[in-house]
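Undergrad: okay, here's the prediction I keep looking at, along with the sequence it came from:
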Amino acid sequence: MPWPLPKKIAFRFLFTYLILYCIQLPPTWLWNNLVPQLAKLLGLTVFGSMNGSGDTTFHYVQVLGFLLIAATVTLIWSIVEEPGIIACISASASS
């Protein structure tokens, strides 16, 4: 029995997010460059990536980056795997 579309999308998002969060992909050097740029877009200032605590602005912005990447990967994955999803997206955008 095939999964309904919302369940597939939720799986794709959670799978991608958990891979990013648990394995910390992409590598640290990339996050050390990406997080300050994302923080700058949000009007935030981040100081260094490591200070012994995981409860820093850097890490909050990094988690936001994980969420944005997971959402982007989910959208691309869904478009590739579900040929009719573009019609669903355009129909919901026009209403």
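TA: Perfect, I can see it now.
Undergrad: burial check on S94, number of neighbours?
TA: Counted with other C-beta atoms under 10 Å, residues neighbouring S94 total 6. In this view, the C-beta of every residue, glycine as well, is placed from N, C-alpha and C.
Undergrad: where's it relative to V63, distance?
TA: 33 Å (C-beta to C-beta, to the nearest Å).
Undergrad: how about E81?
TA: 26 Å.
Undergrad: for this structure, what spans make up the helices?
TA: For the chain, applying DSSP state H gives helices covering 5-23, 28-42, 57-81, 85-94.
Undergrad: any idea of the mean pLDDT for the shortest one?
TA: Okay, so that is helix 85-94. In this model, helix 85-94 has an average pLDDT of 71.
Undergrad: so which helix or strand of this structure has the lowest pLDDT on average?
TA: helix 85-94 (a mean of 71; mean pLDDT, DSSP states H and E).
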